[in-house]
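Student: Pasting a predicted model and its sequence here:
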Amino acid sequence: MGVSMSDANSGVSSGTGQRTDVAIVGAGPVGLFAIFECGMLNMRCHVIDALEGAGGQCSALYPEKPIYDIPGYPEIMAEDLVAKLEEQAAPFEPVYHFGQQVVSLDETGEGRWRVETSAGTVIDAAVVMIAAGVGAFGPNRPPMEDLPAYEASGAVRYLVTRRRDFRDKRVVIAGGGDSAVDWALSLSELAAHVAVIHRRPKFRAAPESVARLQKLAEDGNVELVIPYQPAALEGTDGQLAAVVARDLDGNEKRLEADFFLPFFGLAQNLGPIAEWGLNLDYNHIQVTPATCATNRAGIFAIGDIVTYEGKLKLILSGFAEAAAAAHAARRIVYPDEELHFEYSTSKGVPGS
Ligand code: FAD
């Protein structure tokens with residue numbers, strides 16, 4: 001195997017110039033499962049993620065939401081799924097590099113790849129698996145002055161990671177999609193007051209959720225501020241006092257607030273990945289479905305970032321892609337060895 005034991009045992013980033021079998025770009029659910037699939041085929045992995053921890057969209061966007069379509073789990077919280085995936089990957093001693101974006105990917109000339117991160121970490125890998133989801137993602141921000149000060153204090157947030165932060169607080173939500181509606185429903189159970197600013201009467205969320213929101217509004221448990229848009233923030237030193245909403249005629253409403261949660265979707269951007277000579281279809285990487293191979297030998301792509309006919313953007317599809325890519329990658333890492341296919345029940349995992 002390509003990685004030294006000291007790197008492998010540390011479990012965290014340890015300097016520059018590291019050699020491994022597989023470099024996985026992205027530690028979302030699909031990248032995490034790829035560690036397991038590669039491990040079962042005796043391939044060691046380094047995993048790089050721009051975020052500060054594992055889980056991708058599950059951790060960053062909906063940690064406390066239940067997922068219902070993971071095989072074998074009738075219901076599992078997104079954050080619990082991530083914890084299980086990390087546990088499943090752990091016996092294979094992946095080396096994680098968090099808080100680092102992969103900025104460049106170059107062929108070394110020896111049929112290997114040089115992966116470099118924004119922190120200057122260099123990884124030399126036989127194979128690269130891109131499990132980068134929607135790429136470098138960030139929230140669409142409302143055009144408001146002084147936003148950075150309120151973001152820094154946590155008064156303006158683009159995702160909810162802990163519901164309890166909002167207990168007995170005044171919360172103003174903006175947006176008309178699933179996130180805005182779902183969090184208005186959820187936070188109305190514990191916040192002191194919830195207002196939802198939306199620019200038009202129709203919401204783009206699940207009809208049943210919209211009906212529940214409208215009932216809450218009729219009963220006076222949520223305030224709907226329609227058709228308005230958030231226009232300004234009031235407060236001092238990042239301490240929020242109110243959100244000012246304005247309609248197209250310039251009429252204003254001042255909504256007292258401790259928190260402002262604008263849910264205007266994600267800005268999706270492949271970032272540096274767009275420069276790596278891969279065949280792209282809009283913001284997705286084209287792959288051969290049976291192997292998840294890209295047009296560049298030794299680079300595979302799996303999960304939300306890929307496209308092929310019939311692709312489903314589901315976690316379970318990404319898991320199957322991780323298995324297919326690992327089997328194809330093994331032929332590159334061990335070109336002279338036949339694979340004797342074994343079930344996990346016969347092979348076991350290290351330490352089992
Ligand atoms: P992601 O989870 O997007 O992870 C990709 C990771 O790559 C990110 O952490 C990112 O930081 C990192 N990355 C990107 N570019 C770089 C780079 N250059 N360098 C370093 N790191 C990089 N799916 C289901 O199957 N069932 C559901 O019920 C379900 N519910 C959902 C609910 C919501 C609200 C949302 C938003 C999504 C839901 N999904 C659901 C979709 C599911 O979350 C995605 O299919 C899944 O997260 C894709 O996993 P991934 O590992 O491919 O990518």
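Tutor: Nice, I can see it.
Student: Spell out which residues belonging to this structure are near the ligand, please.
Tutor: Counting by Cβ under 6 Å from any ligand atom, the chain comes close to the ligand at 25-31, 48-51, 56-58, 61-62, 67, 69, 101-102, 131-136, 271-273, 303-304, 313-316, 318. C-beta: built from backbone N, CA, C; applies to glycine.
Student: Now go through those and say which are in helices.
Tutor: Among the residues of the chain next to the ligand, DSSP state H puts 29-31, 56-58, 315-316, 318 in helices.
Student: Checking the residue lying closest to residue 276 once chain neighbours are set aside next. Helix, strand or coil?
Tutor: In space, residue 276 comes closest to residue 105 once its chain neighbours are excluded; the distance is 4.9 Å by Cβ to Cβ, 6 or more residues apart in numbering. Three-state call for residue 105 (DSSP: H, G, I helix; E, B strand; the rest coil): strand.
Student: Distance-wise, check the closest residue to the ligand within the stretch 201-350 of the chain relative to residue 337.
Tutor: Among all residues of the stretch 201-350 of the chain, residue 303 sits closest to the ligand, at 2.2 Å; criterion: Cβ to the nearest ligand atom. According to Cβ to Cβ, to the nearest Å, residue 303 and residue 337 sit 27 Å apart.
Student: Likewise for residue 314?
Tutor: 33 Å.
Student: Of those two, give the one with the bigger neighbour count.
Tutor: Legend: neighbour count by other Cβ atoms under 10 Å for residue 314 and residue 337, higher for residue 314 (14 against 10).
Student: What residues does the more buried one make contact with?
Tutor: residue 69 (Cβ atoms under 8 Å, 6 or more residues apart in numbering).
Student: starting at the chain centroid, how far to stretch 170-183?
Tutor: Centre-to-centre, stretch 170-183 and its host chain are 20 Å apart (Cα atoms, centre = their mean, to the nearest Å).
Student: Could you list the domains of this structure?
Tutor: Annotated domains of the chain cover 17-137+266-347, 142-262 [automatic domain parsing].
Student: now, of these, which is deepest in the fold?
Tutor: Ranked by mean neighbour count, the domains of the chain are led by domain 17-137+266-347 with a mean of 19 (mean count of other Cβ atoms under 10 Å).
Student: Tell me how confident the model is about that one, as a mean pLDDT.
Tutor: Averaging pLDDT along domain 17-137+266-347 gives 94.
Student: Give me the distance from that domain to the chain's centre.
Tutor: With Cα atoms, centre = their mean, you get 12 Å for domain 17-137+266-347.
Student: so can I have CSV of the ones in helices among the residues of the chain next to the ligand showing distance to residue 174?
Tutor: What follows is those, written out as CSV (distance: Cβ to Cβ, whole Å):
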residue, distance to residue 174
29, 29
30, 31
31, 32
56, 25
57, 21
58, 24
315, 28
316, 33
318, 31
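Student: Go through the residues you listed and name the one nearest residue 199.
Tutor: residue 57 (25.7 Å; Cβ to Cβ).
Student: Distance of the closest one relative to residue 49?
Tutor: Remark: distance between residue 57 and residue 49 (Cβ to Cβ) = 12 Å.
Student: which neighbours do those two share?
Tutor: Joint contacts of residue 57 and residue 49 (Cβ under 8 Å, 6+ apart) are residue 28.
Student: what about stretch 235-252, how long is it end to end?
Tutor: The first residue of stretch 235-252 is 17 Å away from its last residue (Cα to Cα, to the nearest Å).
Student: Stretch 273-292 too?
Tutor: So stretch 273-292: terminal residues 16 Å apart, Cα to Cα.
Student: likewise stretch 237-253?
Tutor: So stretch 237-253: terminal residues 22 Å apart, Cα to Cα.
Student: Tell me where the stretch 201-350 of the chain has strands.
Tutor: 223-225, 229-236, 239-246, 252-256, 259-262, 266-267, 280-281, 284-286, 299-301, 306-307 (DSSP state E, counting those that start in this stretch).
Student: Select from those the stretch with the lowest mean pLDDT.
Tutor: Minimum mean pLDDT among these: strand 266-267, a mean of 75.
Student: If you count contacts, what does that strand end up packed against?
Tutor: Counting contacts by 3 or more Cβ pairs under 8 Å, 6 or more residues apart in numbering; DSSP states H and E, strand 266-267 is packed against strand 138-139.
Student: ok, residue 300 touching residue 130?
Tutor: Yes. Using Cβ atoms under 8 Å, residue 300 is in contact with residue 130, at 7.1 Å.
Student: Please enumerate the shared neighbours of those two.
Tutor: Counting by Cβ under 8 Å, 6+ apart, the contacts common to residue 300 and residue 130 are residue 294.
Student: Against residue 165, how distant is the residue lying closest to residue 169 once chain neighbours are set aside?
Tutor: Closest residue to residue 169 apart from its sequence neighbours, by Cβ to Cβ, 6+ apart: residue 258 at 4.2 Å. Distance, residue 258 to residue 165, using Cβ to Cβ: 10 Å.
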